[in-house]
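Undergrad: test case, fold it:
(one chain, ligands or ions: 1)
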Amino acid sequence: MLDIKLEDIKTLFTEEQLQSKIKELAEELNKLYSGEEVYAICVLKGAVMFAMDLVKSLDMPLKIEFIRLSSYGTGRNTTGKVNAVDISLPDLNDKNVLIIEDIIDTGLTAKFLMDFIACNFKTKSTKFCSLLDKKISRKTEIEPDYYGFHVDDKFVVGYGLDYEGYYRNLKFIGYVE
Ligand code: 5GP
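TA: As a prediction, the model looks like this:
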């Protein structure tokens with residue numbers, strides 16, 4: 001049963017803050033990839049809202065792929081092990097690859113994915129863009145090339161991020177104590 005109620009969720013980033021930050025990130029990426037094609041890779045399920053809003057503001061020729069990784073068990077704790085639920089990707093050799101994530105926490109998921117791409121393809125470039133950066137929990141040397149907001153050691157939900165599968169549909173990002 002769902003033990004966190006909507007009224008227990010405190011707002012951290014409003015819909016307006018999220019959308020304005022996404023526009024800023026898109027501007028930077030439009031400059032970076034000016035005249036180039038991009039392969040965007042959305043990491044399901046958490047990054048879906050962010051990725052869909054971000055790509056709408058990108059103006060270069062772009063293809064989108066979806067992969068599914070998981071490291072969180074149930075509840076609020078990472079298992080510390082990354083599972084590739086579905087990581088079938090097209091040929092990324094010589095492509096500009098932009099990985100789009102919801103949050104970088106320990107960095108294990110990001111590292112797994114960057115290593116997977118580096119081992120299997122010789123890309124033209126690989127960049128990692130995460131909406132949130134929970135730097136305090138990092139267990140790897142990985143840093144996102146682009147991120148929207150820093151978050152403290154809080155468990156956040158909404159705008160794609162879930163608690164036991166719930167609350168991905170919130171337009172804002174909130175936290176629970
Ligand atoms: P990492 O591998 O960097 O530890 O974690 C990455 C994944 O853990 C994210 O893609 C996300 O699905 C999940 N995650 C990490 N922190 C949080 C959080 O505060 N809230 C939610 N809902 N998921 C999180």
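
Undergrad: what's the pLDDT at the residue nearest to residue 33 when sequence neighbours are not counted?
TA: Spatially, and ignoring its direct neighbours in sequence, residue 33 is nearest to residue 60 (4.7 Å; Cβ to Cβ, 6 or more residues apart in numbering). Backbone N, C-alpha and C define where each C-beta goes, glycine included. On pLDDT, residue 60 comes in at 97.

Undergrad: then residue 110?
TA: On the pLDDT scale, residue 110 gets 94.

Undergrad: are whatever helix or strand it lives in and the ligand in contact anywhere?
TA: Using DSSP states H and E, residue 110 sits within helix 108-120. Yes. Residues of helix 108-120 contacting the ligand under Cβ under 6 Å from any ligand atom: 108-110.

Undergrad: from the ligand, how far out is the spatially most central residue of the chain?
TA: What sits nearest the mean C-alpha location of the chain, by Cα atoms, centre = their mean, is residue 101, with 1.2 Å. In this structure, residue 101 and the ligand are 6 Å apart, going by Cβ to the nearest ligand atom, to the nearest Å.

Undergrad: looks like that residue contacts residue 46 (just checking).
TA: Yes. In this structure, residue 101 is within contact of residue 46 by Cβ atoms under 8 Å, at 7.5 Å.

Undergrad: can you give me the offset of stretch 44-52 from its chain's centre?
TA: Its chain's average C-alpha position is 7 Å from that of stretch 44-52, according to Cα atoms, centre = their mean, to the nearest Å.

Undergrad: near the ligand at all, that stretch?
TA: Yes. Against the ligand, stretch 44-52 shows contacts by Cβ under 6 Å from any ligand atom at residue 46.

Undergrad: same question for stretch 153-164.
TA: Yes. Counting by Cβ under 6 Å from any ligand atom, contacts between stretch 153-164 and the ligand involve 155-157, 161-162.

Undergrad: strands - which of those residues land there?
TA: Secondary structure from DSSP state E places 155-157 of the residues of stretch 153-164 next to the ligand in strands.

Undergrad: take those residues and write them to TSV, including pLDDT and neighbour count.
TA: As requested, these are exported to TSV (pLDDT from 0 to 100; neighbours: other Cβ atoms under 10 Å):
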residue	pLDDT	neighbour count
155	94	17
156	97	24
157	97	24
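
Undergrad: residue 35: which of those residues is nearest?
TA: Set against residue 35, the nearest of these by Cβ to Cβ is residue 156 (35.9 Å).

Undergrad: restrict the longest strand along the chain to CA atoms and write it as PDB.
TA: As assigned by DSSP E, the longest strand anywhere in the chain is strand 62-72. Provided in PDB are the C-alpha atoms of strand 62-72 (Å, rounded to 0.1, in the frame of the first residue of the first chain):
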ATOM      1  CA  LEU A  62      18.000  14.100 -33.700                       C
ATOM      2  CA  LYS A  63      17.000  10.500 -33.100                       C
ATOM      3  CA  ILE A  64      15.800   9.200 -29.700                       C
ATOM      4  CA  GLU A  65      16.400   5.800 -28.300                       C
ATOM      5  CA  PHE A  66      15.100   4.400 -25.000                       C
ATOM      6  CA  ILE A  67      16.900   2.000 -22.700                       C
ATOM      7  CA  ARG A  68      15.900   0.700 -19.400                       C
ATOM      8  CA  LEU A  69      18.200   0.300 -16.400                       C
ATOM      9  CA  SER A  70      17.400  -0.100 -12.800                       C
ATOM     10  CA  SER A  71      19.500   0.200  -9.600                       C
ATOM     11  CA  TYR A  72      16.800   1.000  -7.100                       C
END
